[in-house]
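> Turn this into a model:
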Amino acid sequence: MPRYDYICRVCGRRFERRQGFDDRPVVFCPSGHDNVRRLPSHPAIHFRGPGFYVTDSKRADHSSSR
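As a prediction, this is how the structure comes out:
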């Protein structure tokens, strides 16, 4: 389930909610104000290791220089 970040335009409080794709956006902040805005979020992609482009995209005809 995706996590969405919100900010209240009245009190400035930032909060997050886990919501399904079909759920309606949050209307109220935890303090009860009714003027909230969803913030843009970073994608949940993590690249690990030496790099997928280095190991997965090599041509077969190149020889190693080791």
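> Confidence-wise, which helix or strand of the chain is lowest on average?
Sorting the helices and strands of the chain by mean pLDDT, DSSP states H and E puts helix 52-56 at the bottom, at a mean of 57.
> Provide the partner residues of Asp5 in its beta bridges.
Asp5 has these beta-bridge partners by DSSP bridges: Glu16, Leu39.
> That one reaches Gln19, doesn't it?
No - with contact defined as Cβ atoms under 8 Å, Asp5 does not count as touching Gln19 (11.2 Å). Just so you know, the C-beta spots here come from the backbone N, C-alpha and C atoms, and that holds for glycine as well.
> what stretches of this structure score poorly on pLDDT?
Where the chain drops to pLDDT under 70, the residues are 49-66.
> swap the cut-off to 80 and go again
1, 41-66 (pLDDT under 80).
> those strands in it, which residues are they?
3-8, 14-18, 36-39 (DSSP state E).
> Out of those strands, which gets nearest to Pro30?
Judged by Cβ to Cβ, the one of these that comes nearest to Pro30 is strand 14-18, at 5.7 Å.
> list the helices and strands that closest one packs on?
Here strand 14-18 touches strand 3-8, going by 3 or more Cβ pairs under 8 Å, 6 or more residues apart in numbering; DSSP states H and E.
> same for the strand it packs on, what does it pack against?
By 3+ Cβ pairs under 8 Å, 6+ apart, strand 3-8 packs against strand 14-18, strand 36-39.
> Perfect, that will be all.
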